[in-house]
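Trainee: Quick one: sequence and predicted model below, then my questions.
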Amino acid sequence: MKIKIMKLAVAAIILLPLLLGLSFQANAELTNIGSPKPGIDVKYPDNLNDTWKTPISNGISAWNGTATKVTIGYLSSSTNTITAAQYADTWYGLNTQWSSPYKYTIQLNARTITRDATNFSNFVKGATVHEFGHCFFLKDNPNTTQASIMKYTNNFNTVTTPQPYDINDVNSVY
């Protein structure tokens, strides 16, 4: 009888999280806000020149090309925006999100990016990928030794795409 009860308890411990849709992915470091759906849209950055538009589009393509369910598309009526301007702050990019209804704005800091970029296109692409990562619940500067587009130590001149760590974390959400 005790063995039967023990087997039932073990089965409940294993099956309950699966039935509730919980994940035991140990490496996931996620924020509490992001898109409830893996498909998001953004208004095309008409106010920017091709020097900015092309690497921003490449950053979007980098997410769309991952082995995840996430997709980013352009929609002229979208309230979500991405832009670049001169900001006095020290950041390269800023993602501001609202949860209900889900909405975001991405700002790229032209002042810091042009100051630090040795490969401008790569840098903008990497910063874009990083900022869109927040739309998919990715946390800044995860505590891991693995490569991640979300790490502050990244050099966006060379790190420009979601890394396997990021992809696994996004897949744990969607």
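Mentor: Arrived safely, thanks for sending.
Trainee: show me the contacts for residue 140.
Mentor: 134, 150, 152 (C-beta atoms under 8 Å, 6 or more residues apart in numbering). Backbone N, C-alpha and C define where each C-beta goes, glycine included.
Trainee: try 6 Å
Mentor: residue 150 (C-beta atoms under 6 Å, 6 or more residues apart in numbering).
Trainee: number of nearby residues for residue 37?
Mentor: Using other C-beta atoms under 10 Å, residue 37 is surrounded by 11 other residues.
Trainee: now do residue 86
Mentor: So residue 86, with other C-beta under 10 Å, has 9 neighbours.
Trainee: repeat for residue 107
Mentor: 19.
Trainee: Please report the distance of it from residue 122.
Mentor: 19 Å (C-beta to C-beta, to the nearest Å).
Trainee: Also residue 128?
Mentor: Going from residue 128 to residue 122 by C-beta to C-beta gives 11 Å.
Trainee: what do you get for residue 70?
Mentor: In this view, residue 70 and residue 122 are 21 Å apart by C-beta to C-beta.
Trainee: out of those two, which sits in the more crowded spot?
Mentor: Set residue 70 next to residue 122 and count neighbours by other C-beta under 10 Å: residue 70 wins out with 22 against 19.
Trainee: Identify the contacts common to residue 128 and residue 122.
Mentor: Common neighbours of residue 128 and residue 122 (C-beta under 6 Å, 6+ apart) do not exist.
Trainee: where along the chain do the strands fall?
Mentor: All strands of the chain, identified by DSSP state E, fall at 39-42, 71-74, 81-85, 93-99, 102-109.
Trainee: The third one: which residues count as buried?
Mentor: Residues of strand 81-85 classed as buried: 82, 83, 84 (neighbour count, 16 or more other C-beta atoms under 10 Å).
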